[in-house]
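In: Build the 3D model from these lines:
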Amino acid sequence: MLDIKFLRENPDIVKENIKKKFQEHKLPLVDEAIELDKKNREIKQEVEALRNQRNTISKQIGGLMKEGKKDEAEELKKQVTANSARVEELTEAERKTEEDLRERMLKIPNIIDESVPIGKDDSENVEVERYGEPVVPDFEIPYHTEIMESFNGIDMDAAGDVAGNGFYYLLGDIARIHSAVLTYARDFMIDKGFTYCIPPFMIRSSVVTGVMSFEEMDQMMYKIEGEDLYLIGTSEHSMIGRFINRRLNEAQLPQTLTSYSPCFRKEKGAHGIEERGVYRIHQFEKQEMIVICKPEESMDWYNKMWSYTVELFRSLDIPVRTLECCSGDLADLKVKSVDVEAWSPRQKKYFEVGSCSNLGDAQARRLQIRVKGENGNYLPHTLNNTVAAPPRMLIAFLENNLCKDGSVKIPEALRPYMGDKEKIIPKES
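Out: Below you'll find the predicted structure:
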């Protein structure tokens, strides 16, 4: 959410930013917000004037009563009563105006960084760099669920009976790799100096609207019926929400946290054949990282964070690339974002396995997170990034470490989490 003062003083910049995001339908929101802000300030001024007038009259009433001028005092009391009624009326108008203003401000997208490429959707994202040599082996790579089935490692039919489409059972060595990757990712981030955290897996609506746009909420979140609670779509939500309405001392920055959680997503819409299996599902687990820092440090942290994901994937012998997200692919709160994509030797292309985002001060403003600095209070910047999110990451792991005989080699970095196994063997062998 933008600062209303910034919007008031720079409406053309805000409108141009909306156009860069190809959201022309939101252009009227700018003028509506400015008009509501003007109305709100006028109401506040009138309320303040009426309260000052009421205080003055109250003093006059006291003086008249002392002088025995009861009739004159009674007339002024009527004026105080009328004054109070008007203040009550204006207070309700102020509440409604502020509610309408906030509703519009929440829909106006954040100002994107000037380095963000302009494009309508993810098809216009820009490749930045590749890490590791993408290899296509001289043998056929089966679909990821077929690889898992060769280890008796997945049961989607039973999961469909139990929970419906978009769920799965992982078993045996496949389930063990899944857990090993998450544990390795946890320790990897702890070694980077991040504090490990297990957050709440449900959050209130006040946190939901503080960390994401309405469009994202509708597409992602599951609501708990009859309660003001939502299942998290990513632990970033509850991790940033931990600081709601808090004032941090500058010495407490940066806050660097890494968290484990299950994640729950609606995943609305139709998806192609490559998104069958466990690629796009309603429930998965993830190791996440978040940073809350000084504004001038956020871009440095942004570059560190996505580089950690690249480093982790390369340590597991998975080639990756980074893609700069274009303006039209950025969610409304994001200032800048990069996707990390892993190489799929079966598809002979890269696919998304993580995303790193700088949200500027948008989440801090919505959640009223403030920092007490030497020169006064200010809003910190918030950032988030995926460390590892199996089972999607598991797809990349299995494809890139699959051997011709059907076994899967275990990279050295993961062996301590797999009982020092160097590979796993299919059950049918």
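
In: Show me which positions of the helix or strand harbouring L7 end up buried.
Out: Take DSSP states H and E as the rule and L7 turns out to sit in helix 4-9. Across helix 4-9, burial judged by 16 or more other CB atoms under 10 Å covers I4, L7. The way it works is simple: take the backbone N, C-alpha and C, and place the C-beta from them, glycine included.

In: Next secondary structure element downstream of that helix?
Out: Using DSSP H and E, the first helix or strand after helix 4-9 is helix 11-20.

In: what's that following helix packed up against?
Out: Here helix 11-20 touches helix 27-66, going by 3 or more CB pairs under 8 Å, 6 or more residues apart in numbering; DSSP states H and E.

In: let's see it at 10 Å
Out: helix 4-9, helix 27-66 (3 or more CB pairs under 10 Å, 6 or more residues apart in numbering; DSSP states H and E).

In: isn't C403 right up against E422?
Out: No - contact criterion CB atoms under 10 Å: C403 and E422 do not qualify, at 11.0 Å.

In: Return every residue with contacts to both of those two.
Out: Counting by CB atoms under 10 Å, 6 or more residues apart in numbering, the contacts common to C403 and E422 are K409.

In: For stretch 177-197, give the mean pLDDT please.
Out: The average pLDDT within stretch 177-197 is 98.

In: Any buried residues in it, and which?
Out: Buried positions in stretch 177-197, judged by neighbour count with 16+ other CB under 10 Å: 177-178, 180-189, 192, 194, 197.

In: What about these, which are in helices?
Out: I177, H178, A180, V181, L182, T183, Y184, A185, R186, D187, F188, M189 (DSSP state H).

In: For the fifth one, give its distance to A175.
Out: The reference is to L182. Here L182 is placed at a distance of 11 Å from A175 (CB to CB, to the nearest Å).

In: can you pull out the strands in the stretch 101-250 of the chain?
Out: Secondary structure of the stretch 101-250 of the chain, counting by DSSP state E, counting those that start in this stretch: strands at 126-131, 154-155, 169-170, 195-197, 202-203, 222-223, 230-231, 247-249.

In: what's the fifth one packed up against?
Out: Looking back up the chat, that one is strand 202-203. By 3+ CB pairs under 10 Å, 6+ apart, strand 202-203 packs against strand 230-231, helix 235-241.

In: Please dump these into a markdown table; it should also carry mean pLDDT and distance to A73 for every row.
Out: Shown next, in a markdown table, are these (pLDDT from 0 to 100; distance: least, CB to CB, whole Å):
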| stretch | mean pLDDT | distance to A73 |
| --- | --- | --- |
| strand 230-231 | 94 | 56 |
| helix 235-241 | 95 | 54 |
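
In: I'd like these laid out as CSV, including mean neighbour count and distance to E412.
Out: Listed next are the helices and strands packed on strand 202-203 as CSV, based on neighbours: other CB atoms under 10 Å; distance: least, CB to CB, whole Å:
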stretch, mean neighbour count, distance to E412
strand 230-231, 20, 36
helix 235-241, 26, 28
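
In: quick one, which of those is nearest to V162?
Out: Nearest of those to V162, taken as CB to CB: strand 230-231 at 17.5 Å.

In: mind listing what the closest one pairs with, with the direction of each?
Out: Paired with strand 230-231 in the same sheet, following DSSP bridges, are strand 202-203 (antiparallel), strand 222-223 (antiparallel).

In: least reliable of the ones you listed going by mean pLDDT?
Out: Lowest mean pLDDT within the strands paired with strand 230-231: strand 222-223, a mean of 92.
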